[in-house]
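Asker: Model the following, please.
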Amino acid sequence: FIRSIKKHNGSIKQFESLLKPVLRPERTFTLMKNELSMNRHFTLNPFSGFIRLSIIMLLCMAFAFGCARRPTAPLPPKALPGHPKPYKVLGQWYQPVPSAKDFQQDGLASWYGEQFHGKKTSNGEIYDMYALTAAHKTLPLGTWVRVYNKNNSKEVIVRINDRGPFVGDRIIDLSYTAARKLEIVGPGTAPVVVVALGVAKNPTRPSETPTDLYPSIMIPVRLPFRLAHSKTKTMQKGLCRT
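Answerer: Next up, the predicted model:
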């Protein structure tokens with residue numbers, strides 16, 4: 001290697017600066033300078049020397065980049081005791097909660113329809129845009145929730161059977177029918193309050209009316225608007241039917 005570059009004895013510093021980012025350790029340059037200083041008078045075909053030098057430089061660069069440390073992907077977070085396994089979407093990890101008891105969330109709702117109609121949801125069901133279902137990032141699949149539209153005081157009860165939405169600060173993605181009942185199909189989004197109601201006792205029939213109700217629905221929920229007392233009682237009676 002040293003003999004092939006002796007033609008550069010007049011510009012040792014220039015050659016050193018050229019190879020310094022590639023070759024390591026620093027002792028290599030000391031040996032090169034000593035060798036060149038002891039052999040300053042020689043004859044060599046400059047063209048063949050240039051080719052050799054180019055090949056050696058390419059090999060050194062390939063070796064250096066090949067041995068470079070490749071960044072390792074971050075390990076997934078460990079599931080908390082009693083919690084479902086976390087999942088990753090668009091580079092972000094989400095940790096589902098083990099229970100929806102006393103769950104209440106305030107945020108933005110959206111809806112998804114024909115583009116996903118007939119495709120599988122996160123719990124293995126086939127998405128039906130005309131059913132009363134919804135997607136949530138962390139609630140247990142199979143949870144029934146009541147969604148209140150802050151803009152018009154309308155409400156709907158849906159079952160969580162999918163994961164999402166993963167856009168901005170949206171908290172729930174409603175089916176087409178649920179969104180139509182809340183009158184958010186046109187605007188696309190609306191501020192809502194989501195309150196967990198319960199789950200079906202029979203896991204093989206998740207779509208049945210929830211019979212395992214959470215106590216939190218039997219007490220008043222603070223909302224930015226007033227609900228008719230009779231309407232709330234009627235909904236509770238309907239939920240309690242098996």
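
Asker: And the helices in this structure, which stretches?
Answerer: Secondary structure of the chain by DSSP state H: the helices cover 12-19, 27-38, 46-66, 176-182, 229-240.

Asker: hey, least reliable of those helices by pLDDT?
Answerer: Per-stretch mean pLDDT for the helices of the chain is lowest at helix 229-240 (a mean of 40).

Asker: surely Lys120 meets Asn161?
Answerer: No: with contact defined as C-beta atoms under 8 Å, Lys120 does not reach Asn161; the gap is 10.3 Å. Yep, even glycine has a C-beta here, placed from its N, CA and C like the rest.

Asker: Looking at those two, which one has more neighbours?
Answerer: Asn161 (24 against 11; other C-beta atoms under 10 Å).

Asker: ok, now which ones touch the more buried one?
Answerer: Thr121, Ser122, Asn123, Glu125, Tyr127, Thr133, Ala134, Ala135, Leu141, Gly142, Pro206 (C-beta atoms under 8 Å, 6 or more residues apart in numbering).

Asker: between Lys120 and Asn161, what contacts are shared?
Answerer: Common neighbours of Lys120 and Asn161 (C-beta under 8 Å, 6+ apart) are Tyr127.

Asker: Just the CA trace of stretch 90-107, in CSV.
Answerer: Coordinates of each C-alpha in stretch 90-107 appear next as CSV, following Å, rounded to 0.1, in the frame of the first residue of the first chain:
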residue,chain,number,x,y,z
LEU,A,90,-46.7,4.9,12.6
GLY,A,91,-43.6,4.7,14.8
GLN,A,92,-45.5,5.3,18.1
TRP,A,93,-46.3,2.8,20.8
TYR,A,94,-49.7,2.6,22.4
GLN,A,95,-50.6,0.7,25.7
PRO,A,96,-54.2,-0.5,25.9
VAL,A,97,-55.8,-0.4,29.3
PRO,A,98,-57.0,-3.6,31.0
SER,A,99,-60.4,-2.2,32.0
ALA,A,100,-62.6,0.7,30.9
LYS,A,101,-64.2,1.1,34.3
ASP,A,102,-64.7,4.8,35.2
PHE,A,103,-63.3,5.7,31.8
GLN,A,104,-64.3,9.2,30.5
GLN,A,105,-62.5,11.1,27.8
ASP,A,106,-63.0,14.5,26.2
GLY,A,107,-61.7,15.2,22.7
